[in-house]
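**Student:** Structure for the following, please:
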Amino acid sequence: MNNWQRINKRYWKFFAKFIKLDLTKKSNHELVKIFNQYCTCLKPVYKYFGLSQQISLDLLLEYLLEELAKEGYKESMGLLITQVKPDIIFREEYDLLEIKKSGKISDEVLYQHALKYSFLFYNSYDLKENLNFLRNRANDQINLKKELVENKLLKQEQEKIFKRLKNKKIKEICLFFQNLGIERLEQKNCWAGGEFRFLNLFREIAKRAYVPLDMMMGSFVEQDYFKALQKDKVLTYQEMKKRMDKFIFWKKGNKLKFIEDDQTFKKLSAITKGVDQQTITKEVSGMVANGGVARGKVRIVQSVNIAQVIKDLERFNQGDILVTWMTQPNMVPIARKAGAIVADEGGITSHAAIIAREFGIPCIVGAKIATKMFKEGDLVEVDANQGIIKKLE
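**Tutor:** All right, here's what the predicted structure looks like:
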């Protein structure tokens, strides 16, 4: 945790300096240095975020379940690892409501809010659209006082159980998972919000490279930015278009390979298609992130940017089952309406798991093929006590 806080501090210190820079007056050589600093600050954030994923927690989680089962509290795990401290999601909603109360919902005020909570704008580079998203959300009826009261009652319930437990290590582990969930969200605000927070840098690079911003953001890898600024080589329009359609990062051992050739894509597509055909008829199961049972219509939500989030929010009805590859912070307004959440990816400290426990709705993560198995409008039952999702006839 201390390393995370140190890395976070360095990241925000760099941003505080960056925001004061007039990039239009910087030379290409100076922009190279600034972009290098950006990468240097961001990489450790993403590295530590990756290290805290489910695969590194499996043994600890297994131990926790075993010890809770011994004392008859296995079913209480979801309750015990639910964080009771206000996290960054709560703070963002609170700050937005305060802006609304002040009556000063100007573009500048909303922009400062967006910079503070840029994880809302992952893959979203249209400033006007992003600010309108915040402006509309400011009118949402969210009872944060009720949530604080519920958290207080939840903490009291947790403490009652902790006092009854003979193995005092259980409390330490549960609090570790609570704090880990909070810290992961803080990290996500750094890396997932990095591109929007430093958008002025990317705009300036795009301008000097004579390429459209959206195409650059959707196709460039790290070295392409350096090459563009050093006048070495800029991707052609056709190359950018091709990458925006498909590319793969393939990691083998410590080596990371960037793949974009058609022959490799055909081979991988054939393999993937075969796996899909084998698994499509099997029962979909995953890890229980929050218990409960819910029935409802499936809504496949793959909100890759704010524009898509807005569309998904409009078609999402109260009680629908949110089925997604992975939730993002900008999907919280959708999650608030969901009867249950099912995610292909993630673990018990993932974003989907955290918000499900906070909102008190059933959640299954690590379902792997849920977005392929179910179709829009399917009536399903989510049994988050057993970790099973099934289509109802």
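
**Student:** and the residue nearest the centre of the chain, what does it touch?
**Tutor:** Nearest to the mean C-alpha position of the chain, by CA atoms, centre = their mean, lies Gln328 at 3.6 Å. Applying CB atoms under 8 Å, 6 or more residues apart in numbering, we find Gln328 in contact with 119, 122, 192, 303, 351. No exception for glycine: its C-beta is placed from N, CA and C like everyone else's.

**Student:** Is it correct that the fourth one falls within a helix?
**Tutor:** No - assessed by DSSP: H, G, I helix; E, B strand; the rest coil, Ser303 does not belong to a helix; its assignment is coil.

**Student:** Name all residues that make contact with Ile81.
**Tutor:** Counting by CB under 8 Å, 6+ apart, Ile81 has contacts 174, 177-178, 181, 348, 357.

**Student:** Phi first, then psi, for it.
**Tutor:** Per-residue torsions, Ile81: phi -100, psi 0 (degrees, to the nearest 10).

**Student:** Tell me, how many residues neighbour the spatially closest residue to it that is not a sequence neighbour?
**Tutor:** In space, and not counting its chain neighbours, Ile81 is closest to Phe177: 4.2 Å by CB to CB, 6 or more residues apart in numbering. Other residues near Phe177 number 20, with proximity taken as other CB atoms under 10 Å.

**Student:** what's the pLDDT at Phe177?
**Tutor:** According to the prediction, Phe177 has pLDDT 94.

**Student:** And Ser269, by the same measure?
**Tutor:** On pLDDT, Ser269 comes in at 66.

**Student:** Which stretches in the stretch 251-393 of the chain count as helices?
**Tutor:** With helices called from DSSP state H, counting those that start in this stretch, the stretch 251-393 of the chain shows them at 262-279, 306-315, 332-335, 351-359, 370-373.

**Student:** thinking again about what came up before, what is the lowest-pLDDT residue among the contacts of Gln328?
**Tutor:** Ser303 (77).

**Student:** Where does Lys241 sit, in terms of helix or strand?
**Tutor:** If you go by DSSP states H and E, Lys241 is part of helix 237-245.

**Student:** Ok, Phe249 next?
**Tutor:** strand 248-252.

**Student:** Do I have it right that Glu186 meets Asn8?
**Tutor:** Yes - if you go by CB atoms under 8 Å, Glu186 and Asn8 touch, sitting 6.4 Å apart.

**Student:** ok, these two, which is more surrounded?
**Tutor:** Neighbour totals were compared for Glu186 and Asn8, and Asn8 leads with 19 against 16 (other CB under 10 Å).

**Student:** so which helix or strand takes in that one?
**Tutor:** Using DSSP H and E, Asn8 falls in helix 2-18.

**Student:** Just name the shakiest helix or strand of this structure by mean pLDDT.
**Tutor:** Every helix and strand of the chain was ranked by mean pLDDT, DSSP states H and E. The lowest is helix 262-279, at a mean of 61.

**Student:** For stretch 44-55, give me every contacting residue.
**Tutor:** Stretch 44-55 has contacts (CB under 8 Å, 6+ apart) with 3-4, 7-8, 11, 180, 183-184, 187-188, 190-191, 287, 346-350, 366.
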